[in-house]
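*Asks:* no sequence for this one, just the structure:
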């Protein structure tokens with residue numbers, strides 16, 4: 001006879017009583033498993049082996065599923081950890097519970113860090129037992145969060161094989177008119193949350209931004225401003241232990257006419273005003289003279305490498321494979 005614990009593991013860690021009954025469980029065995037501490041009741045009619053503090057289980061305890069930023073965290077999207085629990089529930093729902101106590105009913109005055117999203121049947125039919133579908137989670141994120149957080153999630157989504165251009169176009173068409181312009185900020189070439197946030201902030205500040213710029217087929221620069229100021233963003237995940245390699249790369253970029261600035265995750269996220277001031281100072285103090293971008297002899301017989309000009313007639317880089325996002329519905 002299969003253990004209740006094994007049944008739950010097969011079902012993803014949490015299941016309703018009727019699902020377990022179909023697999024051979026009985027009410028007596030479920031009660032005995034709870035008393036032995038092998039499983040616990042997430043809420044009435046739900047059993048689980050998932051740690052009770054997990055967002056998935058807290059959403060079930062409330063009476064719904066993860067949506068918005070909470071669901072995107074669960075999907076693994078580029079997004080900050082949500083301090084609030086976003087829960088999708090039917091519009092006709094009743095008897096919702098507190099996220100940390102299944103015995104306590106919620107009221108209209110309840111404030112326990114839960115944001116309820118009352119959903120349509122279409123949303124309720126999407127996703128799985130723990131979360132709404134990705135497209136609906138993205139839509140909720142766009143409506144609830146700042147543009148930089150939403151764009152980072154969209155940048156991540158367009159890099160996924162399971163999310164195509166038609167889904168993005170459909171998503172943008174459902175947004176309120178004042179939100180549809182966010183499509184113009186999406187860039188499928190972005191490679192991290194930090195890069196997406198910095199790009200959005202720089203674009204809104206009026207800088208001429210290009211992303212993932214190829215240099216001699218050997219490197220890609222995270223962000224290039226005005227065609228020559230190279231920004232490298234050092235997220236801990238990808239730059240830990242690469243100090244010497246990164247500095248050697250900076251030297252090579254300098255030889256090729258770029259001026260390199262490096263910013264850490266903490267600087268971008270926690271000291272943005274100083275980052276912008278540094279960029280403006282660099283643009284003002286190091287503005288290159290027009291040149292062919294080749295080595296040229298100086299009067300004293302030495303050599304200098306002048307900064308490469310912008311590509312003549314080249315348009316600003318557009319999101320790869322996802323052109324004209326912002327045109328939808330405009």
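*Replies:* Good, I have the coordinates. These figures come from a predicted structure and were not determined experimentally. Numbering: from 1, shown residues only.
*Asks:* burial count for residue 13?
*Replies:* 19 (other CB atoms under 10 Å). (Each C-beta comes from the backbone N, C-alpha and C, glycine too.)
*Asks:* for it, which non-adjacent residue is closest in space?
*Replies:* Sequence neighbours aside, residue 50 is the residue nearest to residue 13 in space, at 4.2 Å (criterion: CB to CB, 6 or more residues apart in numbering).
*Asks:* so that neighbour touches residue 57, yeah?
*Replies:* Yes - with contacts counted by CB atoms under 8 Å, residue 50 reaches residue 57, the gap being 4.7 Å.
*Asks:* which one of these two has more residues nearby?
*Replies:* A count of neighbours by other CB under 10 Å puts residue 57 above the other of residue 50 and residue 57, at 22 against 19.
*Asks:* that one and residue 46 touch, don't they?
*Replies:* No - using CB under 8 Å, residue 57 makes no contact with residue 46, being 9.0 Å away.
*Asks:* just the element for the closest residue to residue 79 other than its chain neighbours, please.
*Replies:* In this structure, residue 79 finds its nearest non-sequential neighbour in residue 72, 4.7 Å apart by CB to CB, 6+ apart. Per DSSP states H and E: residue 72 is located in helix 68-75.
*Asks:* residue 155 touches residue 187, doesn't it?
*Replies:* Yes - in this structure, residue 155 is within contact of residue 187 by CB under 8 Å, at 5.9 Å.
*Asks:* what do the two both touch?
*Replies:* Residues touching both residue 155 and residue 187 (CB atoms under 8 Å, 6 or more residues apart in numbering): residue 196.
*Asks:* so who does residue 89 touch?
*Replies:* Applying CB under 8 Å, 6+ apart, the residues near residue 89 are 62-64, 96, 116-119.
*Asks:* and residue 2, what are its phi and psi?
*Replies:* Here is the backbone geometry of residue 2 (degrees, to the nearest 10): phi -70, psi 140.
*Asks:* and it, what is it in contact with?
*Replies:* 23-24.
*Asks:* tell me how far it lies from residue 13.
*Replies:* Residue 2 is 16 Å from residue 13, where distance means CB to CB, to the nearest Å.
*Asks:* wait, what's in contact with the residue nearest to residue 145 when sequence neighbours are not counted?
*Replies:* Counting by CB to CB, 6+ apart, residue 145 lies nearest to residue 69, which is 6.0 Å off, once chain neighbours are set aside. Residues in contact with residue 69 (CB under 8 Å, 6+ apart) are 79-80, 82, 84, 86, 140-141, 144-145, 149, 153.
*Asks:* and with 7 Å instead?
*Replies:* 79, 82, 86, 141, 144-145 (CB atoms under 7 Å, 6 or more residues apart in numbering).
*Asks:* what do you get for residue 215?
*Replies:* Applying CB under 7 Å, 6+ apart to residue 215 gives the contacts 221, 253, 256.
*Asks:* one more pass at 8 Å, please.
*Replies:* If you count contacts by CB under 8 Å, 6+ apart, then residue 215 has 221, 253, 256, 258 around it.
*Asks:* next, count neighbours for the last one.
*Replies:* Right, residue 258. By other CB under 10 Å, 21 other residues sit near residue 258.
*Asks:* quick one: pLDDT of it?
*Replies:* The per-residue pLDDT reported for residue 258 equals 89.
*Asks:* spatially nearest residue to it (excluding sequence neighbours)?
*Replies:* Nearest one to residue 258, counting by CB to CB, 6+ apart, is residue 230 at 4.3 Å.
*Asks:* what residues does whatever helix or strand the one you found lives in touch?
*Replies:* Taking DSSP H and E as the criterion, residue 230 maps to strand 229-234. Outside strand 229-234, the residues that touch it by CB under 8 Å, 6+ apart are 192, 194-195, 198, 213, 221-225, 246, 250, 253, 258-265, 268, 279, 282-283, 286.
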